[in-house]
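Trainee: okay, sequence plus prediction incoming.
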Amino acid sequence: MESELSFSAADLAQTRFAVSPMWEVVTSYRALTGAAGPGTVAPHRRWAAQVRPRLARAGLDRGWLAALIPAGGYLADFLNPTPAGPFPTLSCELDAIRRTPAAQVRADLRKLLAEQPGSTRLQLLDREPEQALRKVTDEIDTYWELALAPYWARIQKVLEADVFHRARQVAEHGSARVLGELHETVRWDDGTLRLVRRHCALTRDQAGSGLLLVPSVFAWPRILTRSVHPDPPQLAYPARGIGTLWEPRPAAATDAVAAVLGRSRTLLLTELDTPASTTQLAAHCGLSAAGTSQHLIALRNAGLVTAHRSGRSVLYARTAVADQLLNP
């Protein structure tokens, strides 16, 4: 199947890029469910192995997201509101979801209920959309803290690098070339963007003017689309550089950093190439739990680590500033 999105000069002028936390929520959740078979999560196995147990303990493998983002088929369009700017925060996108008109929610639900006719959560969302949307966004917030927030500095770096690379390509070679190089199933042809082997159509009569291009770490190996009038159509495509996203990063400047921060704190930063709890860090680094906790508080106050609630424990993650410190 092939769909076509026609472009006028005005549409090209309104084509833009955006990094969307909600697209990462949707695509990462679907990757975890193995929607397109085991290969879907292949580049993200290291991340998935850490995240899946947390989601199961929190019941997020069988909650609102499971109903709205099923393993296959249609997923709710209202989960991906049009970003207001190039780098919206998750809280801004959750606010937009809570403001979704009831008519749009019910239109999406009709498609979902056709595939999940017995879903009590979808039926509740249909009866009380405003109240249910608050519960949905609360669950998304929890999912974010468990699955994405500890890794966001690393993910965001890849997404922003993709946007900056393609923006430079637009400046050097024009929009047509960039549109034609987004994905193997996307082709630019004489004022028309053609999407081949697509189950979901992307046409101008279903959406507004322009085009919103959203790089995604978890969309691989395919593209996803959203067409909701009068919003611009959205196309989420695999970002460049995901192949090395989860590879361990050797710290090159540990001796120099240790001279300033001390050996123990530098060791903790090095260990936090993967998010971990105080107990895990203490065991891996041979430090006491109390001492580890004190060091982590100091590192957090200095902006070198972030803390994320995971059930009864707290996961610590290295920030982009710490990555630059260790890998100048």
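Mentor: Thanks, I have the structure now. Treat the numbers as computed from the prediction; the structure is a model and nothing was measured.
Trainee: ok, which stretches of the protein are strands?
Mentor: For the chain, strands defined by DSSP state E occupy the ranges 2-6, 15-17, 186-189, 192-196, 211-216, 224-226, 234-238, 276-277, 305-310, 313-318.
Trainee: which stretch among the ones you listed approaches residue 173 most closely?
Mentor: Shortest distance between residue 173 and those, using CB to CB, is found for strand 186-189: 11.8 Å. Placement of C-beta: from N, CA and C, glycine included.
Trainee: quick one: list the elements packing against the closest one.
Mentor: Packing partners of strand 186-189 (3 or more CB pairs under 8 Å, 6 or more residues apart in numbering; DSSP states H and E): helix 175-180, strand 192-196.
Trainee: quick one: closest of those to residue 153.
Mentor: Nearest of the helices and strands packed on strand 186-189 to residue 153, taken as CB to CB: helix 175-180 at 26.3 Å.
Trainee: which parts of the closest one are buried?
Mentor: Neighbour counts over helix 175-180 (16 or more other CB atoms under 10 Å) mark 175-176, 178-179 as buried.
Trainee: between those residues, which sits nearest residue 19?
Mentor: Closest approach to residue 19 among the buried residues of helix 175-180 (CB to CB): residue 178, at 16.2 Å.
Trainee: which residue of the chain lies farthest from its centroid?
Mentor: residue 259 (36.4 Å; CA atoms, centre = their mean).
Trainee: residue 323 and residue 12, how far apart?
Mentor: 36 Å (CB to CB, to the nearest Å).
Trainee: looking at the two, which is more packed in?
Mentor: The neighbour comparison of residue 323 against residue 12 (other CB atoms under 10 Å) goes to residue 323, with 19 against 15.
Trainee: that one and residue 249 touch, don't they?
Mentor: Yes. Counting by CB atoms under 8 Å, residue 323 sits close enough to residue 249 to count as a contact (7.2 Å).
Trainee: domains of this structure?
Mentor: Annotated domains of the chain cover 2-242, 254-326 [automatic domain parsing].
Trainee: in TSV, list the ones you listed along with mean pLDDT.
Mentor: Listed next are the domains of the chain as TSV, based on pLDDT from 0 to 100:
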stretch	mean pLDDT
domain 2-242	85
domain 254-326	87
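Trainee: report the buried residues of stretch 287-294.
Mentor: Neighbour-count burial for stretch 287-294 flags 287, 292-293 (criterion: 16+ other CB under 10 Å).
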